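Novice: can you look at this prediction? I've put the sequence above it.
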Amino acid sequence: MKKVISLLVFVLLLSGVFAVAVSAADDLIVVGYSQVGAESDWRTANTESFKSTFTEENGYKLIFDDAMQKPENQIKAIRNFIQQEVDYIVLAPIVETGWETVLGEAKAAGIPVILSDRMIKVTDDSLYVAWVGGNFIKEGHNAIEWLDNYLKENGRDNEDINIVLLQGTIGSSAQIGRTQGVEELLADRPKYHLLAKQTGEFTQAKGQEVMESFLKSYPDIDVVIAENDDMGYGAMEAIRAAGKVPGKDIIMISYDAGRRAFEAILKGDLNATIECNPLHGPRVAEIIQKLEKGEPVEKIQYVDEGVFDIKNAAEVLPTRAY
Ligand code: AHR
């Protein structure tokens, strides 16, 4: 009899523990994050920012999906999130177009969608509740304005300058905005000549490959603008292999401003990096917390971003989180 009673007590205790665990899990806010891929240092830092923010200790369950740079994988991921009845969907869209149908499905299921990093092009902006990211057109302007100052300071502002542009993933708002920003300012500067532009898909390997072909076609390149740091590192390899010195024979400008870029500036391989901040996890969490409390959120939230070169790199590098 004694044995039966202890067994009963044990079972009751166990089910109590189980019930507490279930109710704790029920309290978590479930967030599905559809990430672009793992193509760059920036992307790795962005993933880390989400994983370290959306933890159980912070009250979340994160369902993370890596789309491996394929928009169709993002559509599948969003449909899976809807099936799993997540509380929020966070989307870092690979490209701007093609979102109406699937985001309409999320809306019909009553799941708020928050866009992070890149933008989408939709006629109905009620398909997302908020967007947080960088101002890509301004980033494009920043590169040319930095170049103006650099050439002036080096007594080269009356020279004709040949530029090549390594673009990001075609159709992504980071590529569209940066290219547009660069080209807008080039239109006012007849001494700057854009010799060629081509995608390096935001990867170091592809950046190197495209730069090799640019160097073969154009022996007189003065400036490389790489739409992210990783393609810039690839371009540096190609330039060295062609017997030239990046940062000296060819002015190098890239985007993102990760730690490696600061190190390259201090080594003299890179002349400037235009910031694009990847630490969106806490920013998205703030939006979710407001929505949870029924508070209004700002629909479009730009992040402040800087420009770094040899004048400020040494000071900023020790504080750089990514
Ligand atoms: O959308 C932001 C861009 O995507 C970053 O510049 C790039 O490194 C990343 O892959």
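Specialist: Sure, I can see it. Quick caveat, the model's predicted, so the values are computed rather than measured. Residues are numbered from 1 along each chain as shown.
Novice: alpha carbons of stretch 58-74, as PDB, please.
Specialist: C-alpha atoms of stretch 58-74 as PDB (Å, rounded to 0.1, in the frame of the first residue of the first chain):
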ATOM      1  CA  ASN A  58      13.800  37.100 -22.700                       C
ATOM      2  CA  GLY A  59      10.400  35.500 -23.100                       C
ATOM      3  CA  TYR A  60      10.600  34.400 -26.700                       C
ATOM      4  CA  LYS A  61      10.700  31.200 -28.800                       C
ATOM      5  CA  LEU A  62      12.600  31.900 -32.000                       C
ATOM      6  CA  ILE A  63      11.900  29.800 -35.100                       C
ATOM      7  CA  PHE A  64      14.800  30.700 -37.300                       C
ATOM      8  CA  ASP A  65      14.900  29.900 -41.100                       C
ATOM      9  CA  ASP A  66      17.900  30.500 -43.400                       C
ATOM     10  CA  ALA A  67      16.600  31.000 -46.900                       C
ATOM     11  CA  MET A  68      20.100  30.400 -48.500                       C
ATOM     12  CA  GLN A  69      19.600  33.500 -50.700                       C
ATOM     13  CA  LYS A  70      16.600  32.000 -52.500                       C
ATOM     14  CA  PRO A  71      13.300  34.000 -52.400                       C
ATOM     15  CA  GLU A  72      11.200  30.900 -52.900                       C
ATOM     16  CA  ASN A  73      12.600  29.500 -49.600                       C
ATOM     17  CA  GLN A  74      11.400  32.600 -47.800                       C
END
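Novice: which residues of the stretch 201-322 of the chain fall in helices?
Specialist: Counting by DSSP state H, counting those that start in this stretch, residue ranges of the helices within the stretch 201-322 of the chain are 204-217, 229-241, 259-267, 281-292, 313-316.
Novice: most neighbours per residue, which of these?
Specialist: Among the helices of the stretch 201-322 of the chain, helix 229-241 has the highest mean neighbour count (mean count of other Cβ atoms under 10 Å), at a mean of 24. All C-beta atoms are positioned from the backbone trio N, CA, C, and that covers glycine.
Novice: contacting residues around that helix?
Specialist: Helix 229-241 has contacts (Cβ atoms under 8 Å, 6 or more residues apart in numbering) with 39-42, 166, 168, 200, 202-212, 214-215, 224, 226, 245-247, 249-250, 252-258, 260-261, 264, 269-270, 273.
Novice: swap the cut-off to 6 Å and go again
Specialist: Under the contact criterion Cβ atoms under 6 Å, 6 or more residues apart in numbering, helix 229-241 has outside partners 40, 166, 200, 203-204, 207-208, 211-212, 224, 226, 246, 250, 254, 256, 258, 261, 269.
Novice: which ones among those residues come in contact with the ligand?
Specialist: Subset of the contacts of helix 229-241 in contact with the ligand: 40, 256, counting by Cβ under 6 Å from any ligand atom.
Novice: dump the helices of the stretch 201-322 of the chain into TSV; add mean pLDDT as well.
Specialist: Putting those into TSV (pLDDT from 0 to 100) gives the following:
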stretch	mean pLDDT
helix 204-217	98
helix 229-241	98
helix 259-267	98
helix 281-292	98
helix 313-316	98
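Novice: select, out of the ones you listed, the one closest to Tyr60.
Specialist: Closest approach to Tyr60 among these is made by helix 281-292 (7.7 Å; Cβ to Cβ).
Novice: chain center to the closest one: distance?
Specialist: The chain centroid and the centroid of helix 281-292 are separated by 18 Å under Cα atoms, centre = their mean, to the nearest Å.
Novice: which elements pack onto that helix?
Specialist: Judged by 3 or more Cβ pairs under 6 Å, 6 or more residues apart in numbering; DSSP states H and E, helix 281-292 is in contact with helix 41-53, strand 113-116.
Novice: could you give the angle of that helix to helix 41-53?
Specialist: Relative orientation of helix 281-292 versus helix 41-53 (axes from the mean of the first three to the mean of the last three Cα atoms, to 10 degrees): 50 degrees.
Novice: how about the helices of the stretch 51-200 of the chain, start to end?
Specialist: Here the stretch 51-200 of the chain has its helices, by DSSP H, counting those that start in this stretch, at 71-83, 100-108, 136-153, 173-186.
Novice: tell me the buried residues in the second one?
Specialist: Buried residues in helix 100-108, counting neighbours by 16 or more other Cβ atoms under 10 Å, are found at 102-103, 106-107.
Novice: same question for the longest one.
Specialist: Burial within helix 136-153, assessed by neighbour count using 16+ other Cβ under 10 Å, is assigned to 136-137, 139-144, 146-147, 150-151.
Novice: likewise for the last one?
Specialist: Under the neighbour-count criterion of 16+ other Cβ under 10 Å, helix 173-186 has 173-179, 181-182, 185-186 buried.
Novice: report the entries of those residues that also contact the ligand.
Specialist: Checking those against the ligand by Cβ under 6 Å from any ligand atom, the ones in range are Ala174.
Novice: what does this protein put close to the ligand?
Specialist: Selection of the chain residues close to the ligand by Cβ under 6 Å from any ligand atom yields 39-40, 42-43, 117-118, 174, 202, 228, 255-256, 276.
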